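# I would like the atomic coordinates for the input below:
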Amino acid sequence: MSAERLQRILVLVFAMLVLADSFAAGLRTVADPDTGWQVATSRYVWQHRTIPSTDVLSFGSAGLPWIYPPFGGVLLYLVYRAGGFAALSWFSAFACVGLVAYLVRRRTMPSLVLAMLAVPAIAYRTSPRSDLFSTVLFAVLLGGLWEIHCGQRLRFWIVPVVMLLWVNLHPGFIAGLAVLGAYLVFEAGDLMSAAQRSPALQRLRAAWPWLTAGVAATLLNPWGVEIHPAALNLAGIFRPAAGSLNSAYYIQEFAAVPITWQTVIQLFDLRHLESGNSWLLLLSMLLVGLALWRRQLGAAAVLGGAIFFALSHARYLGMFAITVVTLGSTLLDGVVSHDEHTHEATHAQRPLLRLPWGAAALLTSLLCVVAIVHIADYISNRSYVYFRADSRFGAGESFWFPERAARFIAQEKLPGNIFEAFAVGGFAALRLGPEYPNFIDGRADHLNPPLFLAEQKLEVSAPDSPAWHAAAERWGINTILIANAGYRALQGMDANAFCRSTAWRPVYLDEASVVLLRNLPVNQPWLERLAIDCQTAPLPPPANESKIALHDYYSNAAGMLYVLRRDAEAEDALSRAFAAYPQDPHTHFLLARLYQRQGRIDAAEKEYQRGLAIKDDDGAWFELGRILAAQGRMAEAQQAVQRAIRLSSQPLVLYLTLARLQLASNQPQQALESLQAAERNSPFRGGESVAPELYAEIAEGRAAAYAGMGDLPAAAEQQQRAVKLTPSVAARWSRLADYLQGSGQLQAAAEAREKAQELTAPASNNP
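Alright, predicted model coming up:
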């Protein structure tokens with residue numbers, strides 16, 4: 001067999017492997033919290049044959065205005081109705097493989113290589129939620145307009161068709177308008193070239209009626225023009241008003257994608273799930289240069305814009321990947337030539353590299369091996385255990401969903417209303433609604449920001465606190481559903497505190513969830529029949545399960561047992577989780593937290609290091625920093641917290657911690673810089689009135705930094721800001737008095753000290 005023929009066979013094999021890779025990446029358990037509320041809303045549309053313009057899922061936000069294209073969710077609801085969560089998993093897999101097949105329809109090596117790199121990003125954006133339709137339609141619209149620009153086909157009719165579908169499927173249709181703008185940029189770039197100007201003008205004359213029709217098609221939706229500002233708001237385009245919540249802070253998808261040494265390392269770690277994104281970022285920059293060299297200025301500009309949006313918001317990495325595959329496949333055509341003889345070529349057609357057929361076959365063989373490794377990592381769950389811990393390969397719902405707890409609530413007909421945290425509300429809306437409306441779900445940051453803030457505060461409040469009593473009275477809450485599966489147990493509500501409270505009583509417990517009833521006379525029939533003791537209730541393991549299912553059970557049980565302070569059982573569960581899947585970094589992190597609480601500091605540090613050697617994790621770096629600081633190893637502690645900051649999408653608390661470490665290390669200038677970064681990363685814009693304690697803490701830190709620099713007047717000014725924000729905190733008045741006295745303001749210092757004594761006097765008089 002000749003090397004040329006071997007290469008052609010290998011390209012076909014590689015194409016099949018890329019499609020198999022995309023299918024393996026797409027077929028995974030449903031774990032997205034937003035899937036539930038989208039399908040539940042569409043269930044309402046299907047059952048009532050009406051499109052709601054207000055919230056119909058939540059008792060916490062009932063009746064508030066809500067605009068969201070309904071028909072993407074309706075399609076998902078019909079799939080769910082036909083086969084439950086398993087059908088949604090299969091639907092997602094076929095969407096992923098279908099989209100990748102569209103991108104590689106020309107079966108060229110550039111398109112196949114770029115598509116293989118794009119598979120993780122595309123698979124993530126084809127999860128079974130309405131956003132899936134935006135991802136697919138973006139690829140179709142961009143691919144169609146790019147083909148028109150390249151002179152391959154004149155199918156402008158796809159523009160209004162795609163936009164009409166898109167505006168009724170998902171608010172991401174705003175990206176479709178951006179694609180129309182990108183097409184104009186393509187043609188504008190050609191207008192700058194005398195040789196290309198005439199065909200560009202011809203295409204524009206043919207295009208403008210269809211482009212206009214595409215824009216007009218976005219008005220054909222249930223809300224008309226009102227959907228445009230709603231879509232822009234959901235896309236995070238509008239900045240929050242002064243003193244209001246910046247919800248994008250809490251949504252990891254809106255976080256920036258930093259370029260660090262980790263990005264460079266991922267280029268060489270081909271099994272890292274973000275390796276493809278790193279390669280695409282590098283190649284996109286090279287493609288910009290290639291487009292400029294070939295005088296395709298429009299393509300260069302669009303690629304540059306795609307890079308900017310991808311780095312600004314992780315949410316757009318999928319569309320960025322599609323853009324790179326679509327444009328890069330054409331730009332790279334002819335860059336590599338197998339012809340060993342010289343020949344005349346135009347500037348735009350001249351190859352940059354000559355590669356013999358034998359070398360091409362060897363390179364393609366290596367790429368086939370990489371694709372096989374990727375497929376194996378998905379099927380074996382390595383990719384999920386390491387990088388996306390909530391999902392697993394296969395069909396059905398994620399192991400972290402509180403499925404059995406929901407079934408228990410429905411079977412026992414527990415009294416409502418039910419409180420569940422932000423991440424659980426979507427699942428609750430689908431599994432327990434409409435009989436039980438949810439408290440909150442993934443829409444709340446836009447739908448009802450005050451409720452979102454209230455829920456965040458309740459998550460960290462003691463169960464017998466006035467805050468919980470007031471919330472239960474206000475919203476009629478009788479039942480609480482807590483989902484504490486695995487590593488999530490370290491970040492969620494304290495199930496142990498609720499199990500021990502007097503206001504709430506546990507009635508159900510498994511390795512992933514706890515259900516509690518409010519301790520009221522009206523609820524006594526359930527409490528007398530169902531009450532349990534969280535310290536002794538068993539967590540029986542599943543029977544005849546796969547290795548990964550047993551690992552999930554034991555890691556989930558370990559998290560729940562850790563929270564319940566059943567330490568010996570938690571350690572035993574962790575050892576069994578290690579036996580089932582020894583390389584799970586989260587198991588190391590959980591064991592480290594257990595050792596940390598027990599005071600076994602050296603063992604905890606080693607477990608953190610073992611887990612971090614497998615996977616970088618901001619929470620683990622932060623906890624390791626706390627251990628190092630407690631041992632007086634301040635320089636190492638600062639390095640650990642800085643690593644956490646680089647990884648975190650919500651670095652506010654991390655910056656505050658870093659500032660404290662810097663103050664303790666006599667580094668006041670660095671502390672001021674960290675406090676400034678903390679304020680920049682606040683979820684509030686000018687939010688002193690919304691979060692006074694946060695801004696008081698920042699001001700007090702600045703005061704300490706200025707004091708460390710010997711500038712006591714500046715320290716007093718910052719401390720005055722802190723006491724103005726929190727005037728009932730005696731300790732802050734005492735510190736203000738010290739700064740004022742040190743700066744010579746004796747009268748003001750005496751008044752501040754008197755105020756501090758006044759605030760502490762009532763407490764000192766109580767026995």
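# Give me the domain ranges for this protein.
Domains of the chain are assigned by automatic domain parsing as 3-30+67-372, 403-537.
# now do the same end-to-end measure for the last one.
Using CA to CA, to the nearest Å, the end-to-end distance of domain 403-537 comes out at 18 Å.
# go on, stretch 51-66?
With CA to CA, one end of stretch 51-66 sits 11 Å from the other.
# cool, and stretch 58-74?
From its first residue to its last, stretch 58-74 covers 19 Å (CA to CA).
# So which bits of it are buried?
58-61, 66-74 (16 or more other CB atoms under 10 Å). (C-beta placed from N, C-alpha, C; glycine too.)
# In helices, which of those residues appear?
Judged by DSSP state H, the subset of those located in helices is 71, 72, 73, 74.
# Serialize those to a markdown table and add fields for distance to residue 372.
Output for those, formatted as a markdown table (distance: CB to CB, whole Å):
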| residue | distance to residue 372 |
| --- | --- |
| 71 | 39 |
| 72 | 34 |
| 73 | 36 |
| 74 | 38 |
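# Just the closest of these to residue 101, please.
residue 72 (21.0 Å; CB to CB).
# related to what we said a few turns ago, which single one of the buried residues of stretch 58-74 is nearest to residue 478?
residue 59 (11.5 Å).
# May I have the phi/psi pair for the closest one?
phi -80, psi -20 (degrees, to the nearest 10).
# now the strands for the stretch 401-550 of the chain?
All strands of the stretch 401-550 of the chain, identified by DSSP state E, counting those that start in this stretch, fall at 418-420, 479-483, 504-509, 513-518.
# wait, doesn't residue 53 sit right on residue 70?
No: with contact defined as CB atoms under 8 Å, residue 53 does not reach residue 70; the gap is 10.3 Å.
# Spatially, which residue comes closest to residue 361, not counting chain neighbours?
residue 7 (4.4 Å; CB to CB, 6 or more residues apart in numbering).
# between the domains of the chain, which gets the lowest average pLDDT?
Ranked by mean pLDDT, these end with domain 3-30+67-372 at the bottom, a mean of 90.
# start to end distance for it?
Taking CA to CA, domain 3-30+67-372 runs 22 Å from one end to the other.
# Please tell me how far stretch 409-425 is from the chain's geometric centre.
With CA atoms, centre = their mean, to the nearest Å as the basis, stretch 409-425 stands 25 Å off its chain's centre.
# So which bits of that stretch are buried?
Applying a neighbour-count criterion of 16+ other CB under 10 Å, one finds 409, 412, 414-425 buried in stretch 409-425.
# Could you identify the most distant pair in the residues you listed?
Greatest spacing in the buried residues of stretch 409-425, by CB to CB: 412 and 422 (24.9 Å).
# circling back to that earlier point, show me what the helix or strand harbouring the residue nearest to residue 361 is packed up against.
For residue 7, the element it lies in under DSSP states H and E is helix 3-26. Packing contacts for helix 3-26, counted by 3 or more CB pairs under 8 Å, 6 or more residues apart in numbering; DSSP states H and E, involve helix 71-103, helix 109-125, helix 357-379.
# which other helices and strands contact the first one?
The reference is to helix 71-103. Applying 3+ CB pairs under 8 Å, 6+ apart, we find helix 71-103 packed against helix 3-26, helix 33-48, helix 109-125, helix 131-149, helix 158-169, helix 317-331.
# Make TSV out of the domains of the chain and add distance to residue 669.
TSV is the format used below for the domains of the chain (distance: least, CB to CB, whole Å):
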stretch	distance to residue 669
domain 3-30+67-372	24
domain 403-537	32
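# Residue 612 is nearest to which of these?
Among the domains of the chain, domain 3-30+67-372 comes nearest to residue 612, with 11.9 Å by CB to CB.
# how far out from the middle of the chain is that closest one?
On CA atoms, centre = their mean, the centre of domain 3-30+67-372 falls 20 Å from the chain's centre.
# need the contact list for the residue lying closest to residue 431 once chain neighbours are set aside.
Excluding the flanking residues, the one nearest residue 431 by CB to CB, 6+ apart is residue 406, at 4.3 Å. Shown in contact with residue 406 (CB atoms under 8 Å, 6 or more residues apart in numbering): 427, 428, 431, 432, 481.
# tell me the mean pLDDT over stretch 665-676?
Stretch 665-676 comes out at a mean pLDDT of 96.
# Output the strands of the stretch 401-550 of the chain as a markdown table; include the columns distance to residue 580.
Shown next, in a markdown table, are the strands of the stretch 401-550 of the chain (distance: least, CB to CB, whole Å):
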| stretch | distance to residue 580 |
| --- | --- |
| strand 418-420 | 29 |
| strand 479-483 | 22 |
| strand 504-509 | 22 |
| strand 513-518 | 21 |
